[in-house]
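# Mind looking at a prediction? Sequence and model below.
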Amino acid sequence: MIESDQNVWRGGLTQDLSHVLMSEAQIQSRVAELGRALTQDYQEKDPLLVGILSGSFLFHADLVRNMNLAMAVDFMAVSSYGDRTSSSGVVRILKDLNSSIAGRHVIIIEDIVDTGLTLDYLVQNLQTRHPASLKVCALLDKKEARVRDVEVAYVGFHCPNEFVVGYGLDYRGRYRNLPFIGVLKPEVYRKAE
Ligand code: PRP
């Protein structure tokens with residue numbers, strides 16, 4: 001049984017996890033710090049925070065609540081993994097932005113940068129739309145897995161090269177609702193491969 005901050009989390013969701021990597025309190029404290037940094041850096045810039053669905057939905061929602069300035073949100077949905085555990089490198093746009101970003105200060109919000117293939121595609125794609133500036137804020141940076149060099153201006157935590165789930169991150173659509181981030185036991189995804 002894995003313990004979260006205040007209570008023992010429901011065993012049904014955590015029996016597949018080996019341990020907690022970032023607790024709910026650690027995540028919330030770091031997200032508040034990132035929110036303060038973005039508030040300072042984007043004063044008077046009316047930034048557009050583009051959440052990349054689905055993984056970033058909790059991070060995006062918590063981050064914007066820690067930003068004390070005028071801003072707007074938008075979302076893109078892309079898929080690069082499907083039901084697999086490693087990136088295929090093929091990015092599909094499932095949902096595009098609702099409006100133009102020309103002349104806007106855009107911040108891409110990601111839950112995790114792994115190989116960097118998704119982000120590399122997104123940055124190149126959004127740059128063609130002529131934003132005033134384009135930066136990336138990612139909760140987790142898994143540097144060891146990188147195959148494409150992409151610049152991440154704001155990083156929550158460096159992430160070990162393990163299969164992590166929770167706080168938006170999934171395996172086969174599950175575990176996104178955990179308020180903490182944990183490591184999935186290898187036998188869980190190995191038996192499905
Ligand atoms: C995950 C994650 C990033 C991407 C990172 O998305 O949210 O977008 O993979 O991997 P990369 O750096 O190797 O490209 P996924 O396609 O799993 O979809 P999801 O956000 O809906 O879980």
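Here it is on my side, so go on. Numbers count the residues shown, from 1 in each chain.

# what does this structure put close to the ligand?
52, 54-55, 79-81, 87, 110-119, 170 (Cβ under 6 Å from any ligand atom). (C-beta placed from N, C-alpha, C; glycine too.)

# With adjacent residues omitted, what lies nearest to the residue nearest the centre of the chain?
A centroid search over the chain (Cα atoms, centre = their mean) returns Asp111, at 0.8 Å, as the residue closest to the centre. Spatial nearest neighbour of Asp111, excluding adjacent residues (Cβ to Cβ, 6 or more residues apart in numbering): Gly55 at 3.7 Å.

# again with Glu110
Spatial nearest neighbour of Glu110, chain neighbours left out: Ala138 (4.3 Å); criterion: Cβ to Cβ, 6+ apart.

# which residues of the protein fall in helices?
11-14, 24-41, 57-64, 117-127, 186-190 (DSSP state H).

# Go through those and find the least confident stretch.
Lowest mean pLDDT within the helices of the chain: helix 11-14, a mean of 66.

# Cys137 against Gly35, yeah?
No: Cys137 is beyond contact range of Gly35, at 9.9 Å (criterion: Cβ atoms under 8 Å).

# So which of these two has more stuff around it?
Cys137 (23 against 19; other Cβ atoms under 10 Å).

# Gln28 versus that one, what's the distance?
Per Cβ to Cβ, to the nearest Å, Cys137 is found 16 Å from Gln28.

# hmm, back to that, show me the common contact partners of Cys137 and Gly35, please.
Common neighbours of Cys137 and Gly35 (criterion: Cβ atoms under 8 Å, 6 or more residues apart in numbering): Leu63.

# Contact partners for Gln127?
Leu134.

# count of residues packed around the residue lying closest to Val165 once chain neighbours are set aside?
Once flanking residues are discounted, Val165 sits nearest to Tyr175: 3.8 Å by Cβ to Cβ, 6+ apart. By other Cβ under 10 Å, 21 other residues sit near Tyr175.

# which ones are touching the residue nearest to Asp111?
Gly55 makes contact with 110-112, 168-170, 176 under the criterion Cβ under 8 Å, 6+ apart.

# State the distance from it to Ala138.
Using Cβ to Cβ, Gly55 is found at 10 Å from Ala138.

# Could you do Ser18 as well?
According to Cβ to Cβ, Ser18 stands 23 Å off from Ala138.

# what about the two, which has more around it?
The residue with more neighbours, out of Ser18 and Ala138, is Ala138; 26 against 16, by other Cβ under 10 Å.

# Would you mind stating the distance between the more buried one and His130?
Taken as Cβ to Cβ, the span from Ala138 to His130 is 23 Å.

# for this structure, what are the low-confidence residue spans?
For the chain, applying pLDDT under 70 flags the ranges 1-12, 81-89, 192-193.

# Strands along that one, start to end?
With strands called from DSSP state E, the chain shows them at 17-22, 48-53, 72-79, 92-95, 105-113, 133-141, 154-158, 164-165, 181-184.
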